[in-house]
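Student: any chance you can model this:
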Amino acid sequence: MSAADVWVAKDDGSDIVRATAIAGVGRDYNGNITVRLSGGDQTAVTLVHGDVPDRVRAPEDFHRQLLKVTTELSDTAESAIVRPVFDAENGWRWHTEHL
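Tutor: Here you go, the predicted model:
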């Protein structure tokens, strides 16, 4: 059995990257959660914008939560996509959908 493909999407779903292509993940002083991709271009994808007026900022450890979720999913046999979700009642969380 081989490891499943795990994908990570932006909160609006406009960009999706393969988790194995992520070289780093961080949170900046504005609350943006950004992943840096491996490879020559060193492209960065912002998954969560911290300055959206109708939403609270993501938790301080939200970028570390992404690492935990993708690591756990990489050990499964089923491919999945992970994306950040915000709702007013529960705040921010990582939502997983199996493909």
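Student: how about low-confidence regions in the protein?
Tutor: 1-3 (pLDDT under 70).
Student: list the contacts of the residue nearest to residue 95 when sequence neighbours are not counted.
Tutor: Nearest residue to residue 95 in three dimensions, chain neighbours excluded: residue 85, at 4.4 Å (CB to CB, 6 or more residues apart in numbering). C-beta here means a position set from N, CA and C on the backbone, and glycine is covered the same way. Neighbouring residues of residue 85 by CB atoms under 8 Å, 6 or more residues apart in numbering: 11, 92, 93, 94, 95.
Student: derive a ChimeraX selection command for the buried subset of the residues you listed.
Tutor: Restricted to buried positions by 16 or more other CB atoms under 10 Å, the ChimeraX selection for the contacts of residue 85 reads:
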select :11,92,93,94
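Student: which of the contacts of residue 85 fall in strands?
Tutor: Using DSSP state E, the subset of the contacts of residue 85 located in strands is 92, 93, 94, 95.
Student: farthest pair in those?
Tutor: Within the ones in strands among the contacts of residue 85, two members stand farthest from each other by CB to CB: 92 and 95, at 10.1 Å.
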